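Asks: Could you look at this predicted model? Sequence included:
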Amino acid sequence: DQQVKQNSPSLSVQEGRISILNCDYTNSMFDYFLWYKKYPAEGPTFLISISSIKDKNEDGRFTVFLNKSAKHLSLHIVPSQPGDSAVYFCAANDGNQFYFGTGTSLTVIP
Amino acid sequence: EAQVTQNPRYLITVTGKKLTVTCSQNMNHEYMSWYRQDPGLGLRQIYYSMNVEVTDKGDVPEGYKVSRKEKRNFPLILESPSPNQTSLYFCASSFFGTDYEQYFGPGTRLTVT
């Protein structure tokens, strides 16, 4: 059973607006969460992460929010740019293994 | 340049013919891992290794073997490939216990007929 879920397979956003990508998880033992970005024909690249002891982490245009009680995390991209168009994966770690979601394809429309 | 390399990038083979996909990293990372990516299923961890001579099963280890004899190398072995192992495979490496950031290789597209 999928322990990390991304329920939106795709998302379209106008350039300059906010993109919000969501991720839910089931295992309360996860202690670290990460977001990766993937372009076609390339491996995923790390974007931003957050420890389970925090509820927010910010890096430039990217902010990750963690709501442990809801077992939910989200990635905010502000402002969105056409170069952000890619597939975004959320991932979680339990101290040993990594668990990935199924990905959300983001399209930023110029 | 810090990188993870995988070879081959593309491979078409037949059922039952043993193959090895190599993975190498130059960042002195302790943790290395193999994933497969399939449509609708995301990335699933096959095997991982926390250090030399230490390997553990991930979510989908059946039909795969790994070894970690050197810190920089982590080959994936399919002793008797089957069509359901047709997939896109990624190797990744990271330090572990700090930020968990993984560096991924470019991927290996495997087709088993």
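Replies: Thanks, I have the structure now.
Asks: How many residues are close by residue B:10?
Replies: Neighbour count of residue B:10, defined by other CB atoms under 10 Å in any protein chain shown: 9. Bear in mind the C-beta positions are built from the backbone N, C-alpha and C, glycine included.
Asks: Nearest residue to it in space, please, no chain neighbours.
Replies: residue B:109 (4.9 Å; CB to CB, 6 or more residues apart in numbering or on different chains).
Asks: residues touching the residue of chain B found nearest chain A, list them.
Replies: Relative to chain A, the nearest point of chain B is residue B:104 (3.2 Å; CB to the nearest CB). Shown in contact with residue B:104 (CB atoms under 8 Å, 6 or more residues apart in numbering or on different chains): A:36, A:43-45, B:4, B:90-92.
Asks: Pull out the buried residues from the residues you listed.
Replies: A:36, A:43-44, B:4, B:90-92 (16 or more other CB atoms under 10 Å in any protein chain shown).
Asks: Of those, which belong to strands?
Replies: Of the buried ones among the contacts of residue B:104, the ones assigned to strands by DSSP state E are A:36, B:4, B:90-92.
Asks: Was I right to think residue B:96 contacts residue B:49?
Replies: No: the pair residue B:96 / residue B:49 is not scored as a contact, 10.2 Å apart, by CB atoms under 8 Å.
Asks: picking up where we left off before, would you agree the residue nearest to residue B:10 falls within a strand?
Replies: Yes: assessed by DSSP: H, G, I helix; E, B strand; the rest coil, residue B:109 belongs to a strand.
Asks: so it makes contact with residue B:90?
Replies: No: when contacts are counted by CB under 8 Å, residue B:109 is not listed as touching residue B:90 (10.6 Å).
Asks: Determine the longest strand present in chain B.
Replies: strand B:42-51.
Asks: Check which helices and strands that strand is in contact with.
Replies: Applying 3 or more CB pairs under 8 Å, 6 or more residues apart in numbering or on different chains; DSSP states H and E, we find strand B:42-51 packed against strand A:86-93, strand A:98-100, strand B:31-38, strand B:54-57, strand B:65-66.
Asks: list the contacts for the residue nearest in space to the middle of chain B?
Replies: The centroid of chain B falls nearest to residue B:34 when counting by CA atoms, centre = their mean (2.8 Å). Residue B:34 makes contact with B:23, B:45-48, B:58, B:64, B:66, B:74, B:76, B:89-92, according to CB under 8 Å, 6+ apart.
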